[in-house]
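Peer 1: test case, fold it:
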Amino acid sequence: MQILGPSCIPLYRVLCDQNFETAFRSLIQGTLIPFVFTHPLNLSSVVVHHMLYKSAGILHCNLNTSSLMVSKDSLTCGILLDLDFALQVQDGDEALLPEPTLSGTLPFLSMDLLTTTGPPPPRLYRHDLESFFYILGWMLCRYDASGECKLQHQFAVWHRGPLDDIISAKWRFMRVPSHIPSERSSPSLQKWLRNLCRIFNTGYQEKDRDLQNPLFNHETLGGYVTFDRFMGAARQMTS
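Peer 2: Predicted coordinates for the structure are as follows:
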C-alpha cells in the first residue's frame, strides 16, 4: 500500500504521556484524516480503526508498533498505516466471509489466532482490539522515557515463540499486575492497561468455562471485549 500525506512519527516516540494517551485513543476511536492513497478496497481517506470498521466493514489484521503513528504537526492526532493485510468482513448489512488468514505481527496477534491445530478462525473485530491491548503494554514496558527500546524487557518470548510459550506469556500478562514496569510517569496509563488486563483475562476465562456452550458470544468473548468496554477502560483513567 502506498500512502502520501503529512510526515508522521511512531506513536511510541510521543514522550508526553497526555499526548500519547490522546493519540492512542484517537487511533481506536475514530477520526477522518484526509490523505491520497491507493488500496484495492478503493477508499478515499485514511480512517482510524473503529471508523474504518464501522464505515467500510474493514479489519486491519496487522496492527503493530509500525502501523500506529502520529502526525508531526499534531502529536495527539493518530494515523493508522499499513492496510496491506486488511480484510473486508462486512458490506453494509451483509456479513462477508473472507478466507481465514493468520496474517499479522506475531507479538500482537490474538491468542485465538496462535494455533497450529485446524484451520485459522475467522477474523473478528475483537482480534484487532486485542492487538491494540498488546501494543499498549509493549509500548509502555518496552520503551524507556526517551522512546528508545530497552535491552531487557518482558516480551522477548512474544516474538521468539514457540506458540505455546507465547500463549502462556500472554496469559501471565493479563493477570492484572499491581504495577506495570514502565518509565512513563502517568498513573492513568498504568490504570488503563490494568483495566484492559481485567477485561481480556475475564473474557478468555469465560470462553474456557463455556467452551461447549453454543450460545457463547465468541465475537465479544461473552460481551467482555467490545469497543465500548475497551474505550470505557480508557475513560476510567481519570477515575
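Peer 1: next up, the contacts around the closest residue to residue 207 other than its chain neighbours.
Peer 2: Spatially, and ignoring its direct neighbours in sequence, residue 207 is nearest to residue 221 (5.5 Å; CB to CB, 6 or more residues apart in numbering). For the C-beta atoms, the positions are set from N, CA and C on the backbone; glycine is no exception. With contacts defined as CB atoms under 8 Å, 6 or more residues apart in numbering, the neighbours of residue 221 are 126, 200, 203, 204, 206, 207.
Peer 1: ok, now how distant is residue 221 from residue 137?
Peer 2: Counting by CB to CB, to the nearest Å, the gap between residue 221 and residue 137 amounts to 18 Å.
Peer 1: circling back to that earlier point, could you dump the contacts of residue 221 into TSV and include secondary structure and neighbour count?
Peer 2: TSV is the format used below for these (DSSP: H, G, I helix; E, B strand; the rest coil; neighbours: other CB atoms under 10 Å):
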residue	secondary structure	neighbour count
126	helix	24
200	helix	27
203	helix	22
204	helix	21
206	helix	16
207	helix	19
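Peer 1: now, among those, which is nearest to residue 60?
Peer 2: Of all those, the one with the least separation from residue 60 (CB to CB) is residue 126, at 12.7 Å.
Peer 1: how about the closest one: what's its closest non-neighbour residue?
Peer 2: residue 225 (4.4 Å).
Peer 1: relative to the whole chain's centre, how far out is the lengthiest strand in the chain?
Peer 2: Among all segments of the chain classified by DSSP state E, the strand with the greatest residue count is strand 74-80. Distance of strand 74-80 from its chain centroid, counting by CA atoms, centre = their mean, to the nearest Å, is 16 Å.
Peer 1: that one - contacts with which helices or strands?
Peer 2: Using 3 or more CB pairs under 8 Å, 6 or more residues apart in numbering; DSSP states H and E, the elements in contact with strand 74-80 are helix 17-29, strand 46-47, strand 68-71.
Peer 1: could I get the full set of strands for this protein?
Peer 2: Counting by DSSP E, the chain forms strands over residues 2-4, 8-10, 32-33, 36-38, 46-47, 58-59, 68-71, 74-80, 87-88, 90-91, 94-95, given from the N-terminal end onward.
Peer 1: partner strands of the second one and their direction?
Peer 2: Spelled out, it's strand 8-10. Here strand 8-10 is paired, per DSSP bridges, with strand 68-71 (antiparallel).
Peer 1: burial of residue 175, as a residue count?
Peer 2: Other residues near residue 175 come to 9 when the count uses other CB atoms under 10 Å.
Peer 1: surely it and residue 201 touch.
Peer 2: Yes - here residue 175 lies in contact with residue 201, judged by CB atoms under 8 Å, at a distance of 6.3 Å.
Peer 1: end-to-end on stretch 72-89?
Peer 2: One end of stretch 72-89 sits 32 Å from the other (CA to CA, to the nearest Å).
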